[in-house]
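**Q** Curious how this folds, go ahead:
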Amino acid sequence: MQDLSSKMTSSYAKFASNPKAAVAAIQELSDTFDANVQKVTDPGALAVATTANADLKTFVADTKAAIADPASGAAKVQKDAALIQADFTKVGRYCG
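**A** Numbers count the residues shown, from 1 in each chain. The predicted model follows:
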């Protein structure tokens, strides 16, 4: 989880300088996380991971939209990023 969180932070940091590369990295992270969520069998872990997965998918969509319309998309992306970090923290606490 720590590795995914670090990759998320790194990818998000690239957004201002290279948004397309950031979106590609975030999409890859989302795909990896999604594949791992499918393997979770513990009900409690599955609940927090499923929430994080849904929020991460929203973040990917909002980040893609922000490239097309930065003025309206930036606030959503910032909100999503904070939510994802909180989600990853919850997953880490549950699974840690």
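
**Q** What residues sit buried inside stretch 40-58?
**A** For stretch 40-58, the buried set under the neighbour-count rule, 16 or more other Cβ atoms under 10 Å, comprises 40, 46, 48-49, 52-53, 55-56, 58. The C-beta positions use only the backbone N, C-alpha and C, and glycine is treated the same way.

**Q** now stretch 57-65
**A** Judged by neighbour count (16+ other Cβ under 10 Å), stretch 57-65 contains these buried residues: 58-60, 62-64.

**Q** which regions of this protein sit below the pLDDT cut-off?
**A** Filtered on pLDDT under 70, the chain yields the residue ranges 1-16.

**Q** thinking again about what came up before, of all the buried residues of stretch 57-65, which comes closest to Ser72?
**A** For the buried residues of stretch 57-65, the closest approach to Ser72 (Cβ to Cβ) belongs to Asp62, at 10.2 Å.
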